[in-house]
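1. Quick one: sequence plus predicted model below, questions after.
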Amino acid sequence: MPIKDEFVPAARFLKNFEGKILLASHENPDGDTVGSALALYLALKKLGKSVKVGCRDPVPYFLQFLPASREFLKLPVEEEFDLCVVVDASSHKRLGVPVRAKSFMRIDHHKGGDFYREEDLVDAFAPATAAVVYYLIKNIDEDLIDREVATCLYTGLATDTGFFTNSNTDAEALKLAHLLVERYGVDPHEVAVNVKERNPLRRFKLLSRALDTLELHLGGKVSSMFVLKEWLDELGASYEDTEGFVNYARSLDGVEVAVFITERPEEGVWKVSLRSKGKADVSVVCERFGGGGHKYAAGCKIPLNLSLKEVKEKLLEEIRKVV
Ligand code: 5GP
Ligand code: MN
């Protein structure tokens, strides 16, 4: 694959950076933010950089097989960094906590958002942030990529593309997956088993309750599902156990847009996840509520002082305009 010119300034900047670096993953971390941050962390450590990796929330159980996943710091921390690299998020606000840093940099694949410096790497056409990080590391020094780094990158790419089935699965994604497997020895089966087949029983008990809430709206073009905090408490489950629930709602025949709502009293919000089968742009809907994301997957938060019924009504009012 070619050396891409746009990666040169960022690669040079990180290669020459002398201060303390924090690589920060977004709140409610997914495979792409964790995989991308860990790949860059391992690479920069090999280069001898002073680098740490952190997130507000713990690494979800299905990503704990990744090398160095135990080295994630729980944010916030007292320490002040010279540079905070925001990984897979449109803004430092998506970290969900304040970070003390002299400067910021963004490595991401979301459109719009905040820009911090000339060397920011934001490619809204990349299938995953992991693809952006791959080119970045390649431009720093290709020899930094080993099987561990490649496994982190592959995990980011695989999870964000729904294991190469979502609408962001393009030739670029498959080519990169092929390269990571062929050249660096990534084992796709090992990644899939770790990510998808280590579910705790509580997750299915919770899924069963969530599926009971499944409803159709707007003549069957929209589906919705929700999870209440008290169910999590009763089952000893946490938010990470709801990962992917929205895909069940999306998979219904005739559904164009799926809505998944989780009650989060500690943040005072309803956390909303929207998914589109491809035609409707759900990022537009989430932007109306101060969130964002991609055409096919987006999220936002709505204050808890609205009832669940009101939240659904407000969302449907906006979704109606895009389906
Ligand atoms: P999820 O529904 O899995 O939380 O997120 C789906 C997509 O939307 C991800 O790309 C995520 O980064 C983005 N997203 C989710 N919640 C928010 C939010 O509150 N603000 C913004 N800007 N993006 C979000
Ligand atoms: Mn992400």
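-> Here it is on my side, so go on. Ligands and ions are numbered 1, 2, ... in the order given.
2. pLDDT score for residue 93?
-> pLDDT, residue 93: 97.
3. pLDDT on stretch 154-166, on average?
-> Mean predicted lDDT for stretch 154-166 stands at 97.
4. So which bits of it are buried?
-> 154, 155, 156, 157, 158, 159, 160, 161, 162, 163, 166 (16 or more other Cβ atoms under 10 Å). (Each C-beta comes from the backbone N, C-alpha and C, glycine too.)
5. How about stretch 256-270?
-> By neighbour count with 16+ other Cβ under 10 Å, stretch 256-270 contains the buried residues 256, 257, 258, 259, 260, 261, 262, 263, 264, 269, 270.
6. again, but for stretch 83-94
-> So stretch 83-94, judged by 16+ other Cβ under 10 Å, has buried residues 83, 84, 85, 86, 87, 88, 89, 90, 91, 92, 94.
7. Next, give phi and psi for residue 200.
-> Main-chain torsions, residue 200, degrees, to the nearest 10: phi -80, psi 150.
8. burial measure for it, as a count.
-> Look at residue 200: counted by other Cβ atoms under 10 Å, it has 15 neighbours.
9. likewise the one 3 residues further on?
-> Applying other Cβ under 10 Å, we find 21 residues neighbouring residue 203.
10. what's the pLDDT at it?
-> On the pLDDT scale, residue 203 gets 98.
11. one step back: can you pick out the ones from the buried residues of stretch 83-94 that are in helices?
-> Within those, no residue falls in helices by DSSP state H.
12. could those go into JSON lines alongside distance to residue 106?
-> Converted to JSON lines, those look like this (distance: Cβ to Cβ, whole Å):
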{"residue": "83", "distance to residue 106": "11"}
{"residue": "84", "distance to residue 106": "10"}
{"residue": "85", "distance to residue 106": "7"}
{"residue": "86", "distance to residue 106": "5"}
{"residue": "87", "distance to residue 106": "8"}
{"residue": "88", "distance to residue 106": "9"}
{"residue": "89", "distance to residue 106": "8"}
{"residue": "90", "distance to residue 106": "8"}
{"residue": "91", "distance to residue 106": "8"}
{"residue": "92", "distance to residue 106": "8"}
{"residue": "94", "distance to residue 106": "10"}
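13. in the protein, which ranges drop under the pLDDT threshold?
-> 1-3 (pLDDT under 70).
14. List, one by one, the residues from it near ligand 2.
-> Residues of the chain lying near ligand 2 by Cβ under 5 Å from the ion: 30, 32, 33, 88.
15. what's the spacing between residue 287 and residue 114?
-> Separation of residue 287 from residue 114 (Cβ to Cβ, to the nearest Å): 14 Å.
16. Just the CA atoms of stretch 99-112, as PDB, please.
-> Output of stretch 99-112 as PDB, limited to C-alpha atoms (Å, rounded to 0.1, in the frame of the first residue of the first chain):
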ATOM      1  CA  VAL A  99      -7.700  16.000  30.700                       C
ATOM      2  CA  ARG A 100      -4.800  18.200  31.800                       C
ATOM      3  CA  ALA A 101      -2.700  18.700  28.700                       C
ATOM      4  CA  LYS A 102      -0.700  21.500  27.200                       C
ATOM      5  CA  SER A 103      -1.900  20.700  23.700                       C
ATOM      6  CA  PHE A 104      -4.300  18.300  21.900                       C
ATOM      7  CA  MET A 105      -4.200  16.300  18.700                       C
ATOM      8  CA  ARG A 106      -7.000  14.300  17.100                       C
ATOM      9  CA  ILE A 107      -6.800  11.000  15.200                       C
ATOM     10  CA  ASP A 108     -10.200  10.000  14.000                       C
ATOM     11  CA  HIS A 109     -12.700   9.000  11.300                       C
ATOM     12  CA  HIS A 110     -15.700  11.100  12.300                       C
ATOM     13  CA  LYS A 111     -16.800  14.000  10.100                       C
ATOM     14  CA  GLY A 112     -16.800  17.500  11.500                       C
END
